[in-house]
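Trainee: When you get a sec, could you give me coordinates for this:
(one chain, ligands or ions: 2)
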Amino acid sequence: MGKIAPSILSADFAELANEVARIRPQADLLHVDVMDGHFVPNLTIGAPVVKCLRPHTDLYLDCHLMIDNPADLLDDFAAAGADSCTVHVELGDPRPLFDRMRTHGMRVGLVHNPETPLEAVLPYLEEIDILLFMSVHPGFGGQAFLPEVLDKLRAARGIVDERALPVELEIDGGINIETAPLAADAGADILVAGSAVFGAPDPAGAARAIRAAAWGT
Ligand code: DX5
Ligand code: ZN
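Mentor: Ligands and ions are numbered 1, 2, ... in the order given. Next comes the predicted model:
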């Protein structure tokens, strides 16, 4: 049975605690999109918001760092109460970042963009807890799902299963009731959904529908 990670990127930032409480019954993790206006063109939220959210929810806080300088900010995310940080392989050798996250007791995520080959992340498979597949170009919610990413996901599923690695495969971008079954079928463990959840009149109902479309439960 897979997990649903609503992305608060599409939530009402002025109502975050209420938005999170509303989604709680249908969320397994909460996906927090951190954008710096440099690594991606958009600017969103950072560790101070994670710190404010932490006392309002027991949900796992899955922080996706779309920033140029994660090394400078990992300590802040750990102190704020992040359960994991996920860093982009496109920035270069992620091992020092992994070490820093482990020092803080955070789980470790690695993410790669749609055009980045799977080979770029394979050397790190045994050092991470989460491998994230971007199924849109990072930076904005509400973009269309890129189906070509499914081939990478399927290949990773095979490798992870064959080696019995404790790595969760997560996919992020354009997930809705149409694309969720495709991602689940290709082997995703965690589906991130932003606009399809928080853009719906009933976010918890929308998350439930995505879960049902993906895994039939
Ligand atoms: C995009 C972010 C996503 C975003 C997904 O850069 O990483 O997490 O919130 O939004 P949707 O589900 O609307 O594509
Ligand atoms: Zn994300």
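Trainee: rest of the way, CA atoms for contacts and neighbours
Mentor: OK.
Trainee: where along the chain do the strands fall?
Mentor: Ranges of strands in the chain, per DSSP state E, are 3-6, 29-35, 60-66, 84-88, 107-112, 130-134, 168-172, 190-193.
Trainee: Report all helices and strands that the last one contacts.
Mentor: Contact analysis of strand 190-193 by 3 or more C-alpha pairs under 8 Å, 6 or more residues apart in numbering; DSSP states H and E lists strand 3-6, strand 168-172 as its packing neighbours.
Trainee: Packing partners of the longest one?
Mentor: Using 3+ C-alpha pairs under 8 Å, 6+ apart as the contact criterion, the neighbours of strand 168-172 among helices and strands are strand 130-134, strand 190-193.
Trainee: One more pass at 10 Å, please.
Mentor: Judged by 3 or more C-alpha pairs under 10 Å, 6 or more residues apart in numbering; DSSP states H and E, the packing partners of strand 168-172 are strand 3-6, strand 107-112, strand 130-134, helix 149-162, helix 180-186, strand 190-193.
Trainee: Quick one: low-confidence residue ranges for this protein.
Mentor: By pLDDT under 70, the chain contains no weakly predicted segment.
Trainee: run the last query once more with 80
Mentor: Residue ranges of the chain with pLDDT under 80: 217.
Trainee: Within range of ligand 1, give me the residues from it.
Mentor: Contacts of the chain with ligand 1, taken as C-alpha under 6 Å from any ligand atom, map to 7, 9, 33, 138-143, 172-175, 193-196.
Trainee: Let's see that with 8 Å instead.
Mentor: Contact residues, the chain versus ligand 1 (C-alpha under 8 Å from any ligand atom): 6-10, 31-33, 64, 66, 134, 136-145, 172-176, 192-197.
Trainee: buried subset of those?
Mentor: Neighbour counting with 16 or more other C-alpha atoms under 10 Å marks 6-10, 31-33, 64, 66, 134, 136-142, 145, 172-176, 192-197 as buried within the residues of the chain next to ligand 1.
Trainee: So what's the residue count around residue 75?
Mentor: For residue 75, the neighbour count with other C-alpha atoms under 10 Å is 16.
Trainee: wait, it sits on residue 98?
Mentor: No. The criterion here is C-alpha atoms under 10 Å, and residue 75 misses it with residue 98 at 12.0 Å.
Trainee: residues bridging contact with the two, i.e. touching both?
Mentor: Here residue 75 and residue 98 share the contacting residues residue 104, scored by C-alpha atoms under 10 Å, 6 or more residues apart in numbering.
Trainee: I'd like the distance between the closest residue to residue 178 other than its chain neighbours and ligand 1.
Mentor: The spatially closest residue to residue 178, leaving aside those adjacent along the chain, is residue 213, at 7.6 Å (C-alpha to C-alpha, 6 or more residues apart in numbering). Using C-alpha to the nearest ligand atom, to the nearest Å, we find residue 213 at a distance of 15 Å from ligand 1.
Trainee: and if you look at residue 19?
Mentor: 15 Å.
Trainee: now that residue, nearest residue through space, not along the chain?
Mentor: Using C-alpha to C-alpha, 6+ apart, the closest residue to residue 19 is residue 11 (6.6 Å).
Trainee: Run through the residues that contact the one you found.
Mentor: Each residue near residue 11 by C-alpha under 10 Å, 6+ apart is listed here: 18, 19, 20, 194, 195, 197, 198, 199, 203.
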